[in-house]
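**Student:** here are the coordinates; sequence isn't available:
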Ligand SMILES: NC(=O)c1ccc[n+]([C@@H]2O[C@H](COP(=O)([O-])OP(=O)(O)OC[C@H]3O[C@@H](n4cnc5c(N)ncnc54)[C@H](OP(=O)(O)O)[C@@H]3O)[C@@H](O)[C@H]2O)c1
């Protein structure tokens, strides 16, 4: 068992840190809004530190899960300066590959390991300890040791390449989801206009080639027009902006992703920034 610090106890971070505690690691948590850290300790025990620097002191692994590139840079700069040589920083934030490569270089200069490790599976996956973790790391041995810790909240944790590869894999994930959700939105509204029963349609075609996680879990709520749950549109727009930036760098074309991003912009203009990503259908239901 290891000494682990967890920085950022949001929707994702708090349950992930909880699984580390249940797995028997010695945990120190830090959250910018201190009340959340105290709440976490009241539920799980262990200890909270008032600053990120104090939280990482003596830790073998430092996991972080914050918001965007800016937040990662802000929190990591404090953590890296205070971490003990030989320790590993693991960033679970969905951020750019550029920030991951920068952090890997900074960590290497301080004799620290670094793994970019964005996750998929949402709040439910974090709570159930069933996340998919996509990793980039420059050293196989660092990844192998870190994977054992991450598996406390993962059902899959895989090394995809050097630093940045976890983030680029997460981009592929988001690109695929954007396209699937637009197709599903069009299918759901078409089915409604054709007078079909959505439950029956989903029960039938989800078993065939059109089946997807989104179809099984979202088609019914899309038909009802309920979106007050799940993965927020504002997070998706942050992720799609990262994808579109990286695509420019790679000279890769993402015409559908760019279009869906514009659709999400319209959802935000309708007041839907906290709605689930399946709210793309709202634009078709209420043109
Ligand atoms: N929610 C999902 O379903 C989901 C799924 C997959 C991936 N993700 C990704 O996971 C990351 C976290 O998502 P979340 O839903 O857990 O977000 P969240 O609930 O908003 O939590 C964000 C956490 O980061 C902290 N934070 C943000 N900026 C900070 C800064 N500059 N300095 C220090 N702390 C800072 C926040 O502290 P405060 O409490 O003080 O605000 C909070 O603890 C995001 O990159 C998101 O895209 C989310």
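**Tutor:** Sure, I can see it. All of these numbers come straight from a predicted model, not from anything done at the bench.
**Student:** so what's whatever residue of the stretch 1-150 of the chain ends up closest to the ligand closest to, chain neighbours aside?
**Tutor:** Ranked by CB to the nearest ligand atom, the top residue of the stretch 1-150 of the chain for proximity to the ligand is residue 10, at 1.8 Å. To be clear about C-beta, it is placed using only N, CA and C from the backbone, and glycine gets the same treatment. Closest residue in space to residue 10, ignoring its immediate chain neighbours: residue 65 at 6.6 Å, by CB to CB, 6 or more residues apart in numbering.
**Student:** For the one you found, give me phi and psi.
**Tutor:** Torsion angles at residue 65 (phi, psi; degrees, to the nearest 10) stand at phi -150, psi 90.
**Student:** Counting neighbours, what do you get for it?
**Tutor:** 27 (other CB atoms under 10 Å).
**Student:** residues contacting it?
**Tutor:** 6-8, 10, 12-13, 16, 91-93, 119 (CB atoms under 8 Å, 6 or more residues apart in numbering).
**Student:** got a markdown table for those residues, with secondary structure and neighbour count too?
**Tutor:** Formatted as a markdown table, the contacts of residue 65 follow (DSSP: H, G, I helix; E, B strand; the rest coil; neighbours: other CB atoms under 10 Å):
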| residue | secondary structure | neighbour count |
| --- | --- | --- |
| 6 | strand | 31 |
| 7 | strand | 28 |
| 8 | coil | 27 |
| 10 | coil | 18 |
| 12 | coil | 23 |
| 13 | helix | 23 |
| 16 | helix | 26 |
| 91 | strand | 29 |
| 92 | coil | 27 |
| 93 | coil | 27 |
| 119 | strand | 24 |
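**Student:** Tell me how far stretch 169-184 lies from the chain's centre.
**Tutor:** Distance, stretch centre to chain centre, for stretch 169-184: 14 Å (CA atoms, centre = their mean, to the nearest Å).
**Student:** Using the three-state scheme, assign residue 29.
**Tutor:** Under DSSP: H, G, I helix; E, B strand; the rest coil, residue 29 falls in the strand class.
**Student:** correct me, but it touches residue 4?
**Tutor:** No: Residue 29 is beyond contact range of residue 4, at 9.4 Å (criterion: CB atoms under 8 Å).
**Student:** one step back: pLDDT value on the residue nearest to residue 10, please?
**Tutor:** For residue 65, the model assigns a pLDDT of 98.
**Student:** how close does it get to residue 9?
**Tutor:** Distance from residue 65 to residue 9, counting by CB to CB, to the nearest Å: 8 Å.
**Student:** Spell out which parts of the stretch 51-200 of the chain neighbour the ligand.
**Tutor:** Counting by CB under 6 Å from any ligand atom, the stretch 51-200 of the chain comes close to the ligand at 65-67, 71, 74-75, 93-94, 119-120, 122-123.
**Student:** One more pass at 5 Å, please.
**Tutor:** Contacts of the stretch 51-200 of the chain with the ligand, taken as CB under 5 Å from any ligand atom, map to 65-67, 71, 74-75, 93-94, 122-123.
**Student:** Just the helices from the stretch 151-287 of the chain, written as ranges.
**Tutor:** With helices called from DSSP state H, counting those that start in this stretch, the stretch 151-287 of the chain shows them at 165-193, 198-205, 213-224, 233-250, 255-269, 280-285.
**Student:** Compile these into JSON lines and extend it with columns for mean pLDDT and mean neighbour count.
**Tutor:** Shown next, in JSON lines, are the helices of the stretch 151-287 of the chain (pLDDT from 0 to 100; neighbours: other CB atoms under 10 Å):
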{"stretch": "helix 165-193", "mean pLDDT": "98", "mean neighbour count": "20"}
{"stretch": "helix 198-205", "mean pLDDT": "98", "mean neighbour count": "15"}
{"stretch": "helix 213-224", "mean pLDDT": "97", "mean neighbour count": "18"}
{"stretch": "helix 233-250", "mean pLDDT": "98", "mean neighbour count": "18"}
{"stretch": "helix 255-269", "mean pLDDT": "98", "mean neighbour count": "15"}
{"stretch": "helix 280-285", "mean pLDDT": "98", "mean neighbour count": "20"}
